[in-house]
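Peer 1: Can you look at this prediction? I've put the sequence above it.
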Amino acid sequence: MTSSTTDNREALRDRLQRAGYYPELVLDIVEGAVVGESIRESLVHVETTFATNEVHRHVTVLVLTPTRLVSVHVDDQPADAEHAVASAIATSEVLPLSAVRSVVTTHVVVSPADHVPGEPPSEVTIAVGWGAVNRVELEPAGCGDPGCDADHGLTGTMSPDDVVLRVSAQAEGVAAVREALAFARALAAATGQHG
């Protein structure tokens, strides 16, 4: 299935090359999930985490096609006692745009009194929810009586948490923040959601 819209495969390829995390492997997984549709917009986010004696890298790629949202996540699995050689674990999820329930964009603006319209925030967090994963935050419930010591159970909130990406100008650069905002806006427009 192809579309007459602009195809931004080269922009995705460039982002994957810049990320430097197995770009050919990640592109191959993305292409398998996109299944020939054109790529309207993409977002590549690399995260590095540190354990006691190990460094782990993860890449998440979000791709907007004319009809679907594709999410690809690749983790590295270093060689260890159970695995003789290093490997990568890739997971792709494909869903119709109509299944996207929310696109939430959180902007962190340093010195808001000095904000210049059009300037990107110092940090942006994008949360895309489609109902596959939810985050639950619980806390003890109470009542208005300060002397009450009864157990009122728990109260909490549940929020979609399918994909959450945080992009910081300090860590990834201003261009990465702009790319994240462009992706969030394109996805919000495509799904009719407003973040």
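Peer 2: Nice, thanks for sending it over.
Peer 1: Could you list the residues in contact with the longest helix seen in the chain?
Peer 2: Ranked by residue count under DSSP state H, the longest helix found in the chain is helix 174-191. Residues outside helix 174-191 that contact it (Cβ atoms under 8 Å, 6 or more residues apart in numbering): 15, 40-43, 45, 62, 64, 69, 97-98, 100, 103, 105, 120-124, 126, 128, 165, 167-169, 193-195. For every residue, glycine as well, the C-beta is placed using N, CA and C.
Peer 1: quick one: secondary structure of Ile89?
Peer 2: strand (DSSP: H, G, I helix; E, B strand; the rest coil).
Peer 1: what's the nearest residue to it if we skip its chain neighbours?
Peer 2: The spatial neighbour of Ile89 that comes closest, neighbours along the chain excluded (Cβ to Cβ, 6 or more residues apart in numbering), is Asp75 at 4.9 Å.
Peer 1: Show me what counts as buried in the helix or strand hosting the one you found.
Peer 2: Element membership for Asp75 (DSSP states H and E) is strand 68-77. Using 16 or more other Cβ atoms under 10 Å as the test for burial, strand 68-77 gives Arg68, Leu69, Val70, Ser71, Val72, His73, Val74, Asp75, Asp76.
Peer 1: From what I see, the third one and Leu97 are in contact.
Peer 2: No. Distance between Val70 and Leu97: 10.8 Å, which falls outside the contact criterion (Cβ atoms under 8 Å).
Peer 1: sorry, back to before: relative to the strand holding Asp75, what are the paired strands and their orientations?
Peer 2: Here strand 68-77 is paired, per DSSP bridges, with strand 55-64 (antiparallel), strand 87-96 (antiparallel).
Peer 1: Adding mean neighbour count, write the ones you listed out as a markdown table.
Peer 2: Output for the strands paired with strand 68-77, formatted as a markdown table (neighbours: other Cβ atoms under 10 Å):
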| stretch | mean neighbour count |
| --- | --- |
| strand 55-64 | 20 |
| strand 87-96 | 14 |
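Peer 1: now the contacts of helix 174-191: which count as buried?
Peer 2: 15, 40-43, 45, 62, 64, 69, 97, 100, 103, 105, 120-121, 123-124, 126, 128, 165, 167-169, 193.
Peer 1: How about the contacts made by Val59?
Peer 2: Val59 neighbours (Cβ under 8 Å, 6+ apart): Ala19, Tyr21, Tyr22, Val26, Val44, His45, Val46, Glu47, Val72, His73, Val74.
Peer 1: 10 Å instead?
Peer 2: Taking Cβ atoms under 10 Å, 6 or more residues apart in numbering, we find Val59 in contact with 16, 19-23, 25-26, 29, 44-47, 72-76, 88, 90.
Peer 1: and Ser71, what pLDDT?
Peer 2: What the model reports as pLDDT for Ser71 is 96.
Peer 1: Leaving out the residues flanking it, which one is nearest to Ala79?
Peer 2: Closest to Ala79 by Cβ to Cβ, 6+ apart is Ala86, at 4.9 Å.
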